[in-house]
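# okay, here's the prediction I keep looking at, along with the sequence it came from:
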Amino acid sequence: MSPIDTDVISVLAVDPDNGDNGTVVYSISPANPFYNINSSTGKIRTSGVVLDRESPNTKDTQLMRTIVVSATDRGTPPLRSSVSTTVFVNLLDLNDNDPTFLNLPHVTEVPESLPIGSSVFKVRVSDPDEDENGQVTMVLQMGMPRLDFTLNTSTGVLVSTARLDREQISQYLLRVVAYDAGQFPRTSTSTLTVTVLDVNDGTPTFYPKMYNVSLQESIRRDFVVSRLNCTDSDSGLNAELSYFITEGNQDGKFSVGFRDGVVRTVVGLDRETQAAYTLLIEAIDNGPAGSRRTGTATVYIEVLDVNDNRPIFLQNSYETSILESAPRGASILQAGHGEVRREGAGGGAVSLGPAGGGRLKEDEKERRTEPRRFHSLSWGSLDRAGVPAPQPPWGPPPRAEGLHTAMKVAQPANRRKRHSTMMMERRGPGRAGGAEGAAGLGEQVMLESRVSVRL
């Protein structure tokens, strides 16, 4: 850019006439807004209008580069030169333009599986200046947290230099600097955003991988057994999980939420049928078919016992013989191992003894005044819940089973040739209670509650 009245050139025209007829007058034709000419001397100077060699206006560019000068004399009538002269102006470049980015700022997307050395983007830049003033170099601004890309300084091609991992860095904001090679370089800065697209490379992971749960067998259906915690580091559909029970649920007692991963009971549980379950839970992401990934967890469920089964005598009747002369404390009948079992499929500790507890005796006075040949007793079997045990306060009370005992006492053989028989018939289920008909039993007949059977 030249200042106003900067000398450009002087032109000279000769007219051999004398006086005014030989005096030459100079003019620019057609008019040129960028230059002025001294009509007497033919000196051309700049007009002050900015000369922009890089102007996009082609007409202005032509006027800046060419000046057409005409010459006439002062005679009457004036004679114009039959030809005009053209002055060609060589505009010297001035480094007055910054490099310009043609396709920045921009957002480009690449998959995280992009191989190292792949071309990501080509930065295009221009500088209308000439020679060194128009030679542009591009670089990535330093200070980025990670430089996983490199930029070719001359071609502007951005290339990956490391394996990308969206789960660590999902987006790169790169600042590109362009500068020319002028004596006083001019620079420009813009941004290139590289978004890393997710690839289904993350595996669903359970925390923890093993769940241990204890449940009372009295829980109802739709009871929440456990809430599974599973995460997938991917995004979108690649991180959307579906849950399935793949093992340990053959009888269909449990279900898992397809989306929420909550394990629930489908029906009630029965510890006497099955005391523990081991479920294998699988989480599958919803990535593209053929690339879906899975994770597994194990849920171990222990079913805790609830007192929901009563003891059962295995025989409907018992027979035995006893002499009326039997001494105090003589054994009448002993229920051996296996005589009583718990109702249902499981086992359990069972106590066997008089329904009222303690010893059963006949009234002493009644025995002396009127010997009896028939006695009525009550037997009962009581499950372990009848004694203090780690049973929750809201749990069911002890369950019991009773027998009604009929017993005939015989005289000794030397007095009467008879034998006595005791029959014990089952009484319906009920609670542990007091003895029935305990009074009136002779002292020589005693039933002790010391016998217990563990099933």
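It's in.
# and the helices in the chain?
Per DSSP state H, the chain carries helices over the ranges 58-65, 364-369.
# list the contacts of the first one.
Pointing back at helix 58-65 there. For helix 58-65, the surrounding residues in contact (C-beta atoms under 8 Å, 6 or more residues apart in numbering) are Asn32, Pro33, Phe34, Leu51, Asp52, Arg53, Ser55, Phe88, Val89, Asn90, Leu91. For every residue, glycine as well, the C-beta is placed using N, CA and C.
# tell me which of those residues is nearest to Gly75?
For those, the residue nearest Gly75 by C-beta to C-beta is Asn32; the value is 26.4 Å.
# for burial, what's the neighbour tally of the nearest residue to that closest one once chain neighbours are set aside?
Counting by C-beta to C-beta, 6 or more residues apart in numbering, Leu63 is the residue found nearest to Asn32 once chain neighbours are left out, at 5.1 Å. As a burial measure, Leu63 scores 22 neighbours (other C-beta atoms under 10 Å).
# cool, and the one 3 residues further on?
For Thr66, the count of nearby residues is 12 (other C-beta under 10 Å).
# my guess is it contacts Asn90, does it?
No - if you go by C-beta atoms under 8 Å, Thr66 and Asn90 don't touch, sitting 10.9 Å apart.
# just the buried subset of the contacts of helix 58-65, written out for PyMOL, thanks.
Restricted to buried positions by 16 or more other C-beta atoms under 10 Å, the PyMOL selection for the contacts of helix 58-65 reads:
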select buried, resi 32+34+51+52+53+89+91
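# domains of this structure?
Residue ranges for the domains of the chain, per automatic domain parsing: 7-88, 100-197, 205-304, 311-454.
# by mean pLDDT, show me the worst of those domains.
Note on the domains of the chain: domain 311-454 shows the lowest mean pLDDT, a mean of 52.
# bridged to the nearest residue to Ser170 once chain neighbours are set aside, which residues?
Counting by C-beta to C-beta, 6+ apart, Ser170 lies nearest to Val196, which is 5.4 Å off, once chain neighbours are set aside. On the basis of DSSP bridges, Val196 is bridged to Val110.
# need phi/psi at Thr14.
No Thr there; residue 14 is Val. When read as degrees, to the nearest 10, the backbone of Val14 gives phi -120, psi 130.
# what about it, how many residues nearby?
Look at Val14: counted by other C-beta under 10 Å, it has 7 neighbours.
# so what's it up against?
Here Val14 is in contact with Val24 (criterion: C-beta under 8 Å, 6+ apart).
# apply 10 Å and report the result again.
Gly22, Val24, Ala71 (C-beta atoms under 10 Å, 6 or more residues apart in numbering).
# cool, and Glu112?
Glu112 touches 163-170, 196-199, 201, 234, counting by C-beta under 10 Å, 6+ apart.
# any idea how far it lies from Ser47?
61 Å (C-beta to C-beta, to the nearest Å).
# same check, this time on Val83
25 Å.
# who has more neighbours out of these two?
Taking neighbours as other C-beta under 10 Å, Val83 and Ser47 compare with Ser47 leading, 16 against 9.
# isn't the more buried one right up against Tyr35?
Yes - with contact defined as C-beta atoms under 10 Å, Ser47 and Tyr35 form a contacting pair (5.7 Å).
# now for the two: what residues contact both?
Thr6.
# could I get the contacts of Val14 as CSV with neighbour count?
Listed next are those as CSV, based on neighbours: other C-beta atoms under 10 Å:
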residue, neighbour count
Gly22, 13
Val24, 19
Ala71, 21
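# want to throw these into a markdown table with distance to Leu280?
A markdown table is the format used below for the contacts of Val14 (distance: C-beta to C-beta, whole Å):
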| residue | distance to Leu280 |
| --- | --- |
| Gly22 | 117 |
| Val24 | 109 |
| Ala71 | 105 |
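# can you give me the strands in the stretch 151-300 of the chain?
Here the stretch 151-300 of the chain has its strands, by DSSP state E, counting those that start in this stretch, at 157-160, 171-180, 187-197, 205-206, 210-216, 224-227, 230-231, 241-247, 254-256, 262-265, 276-285, 294-304.
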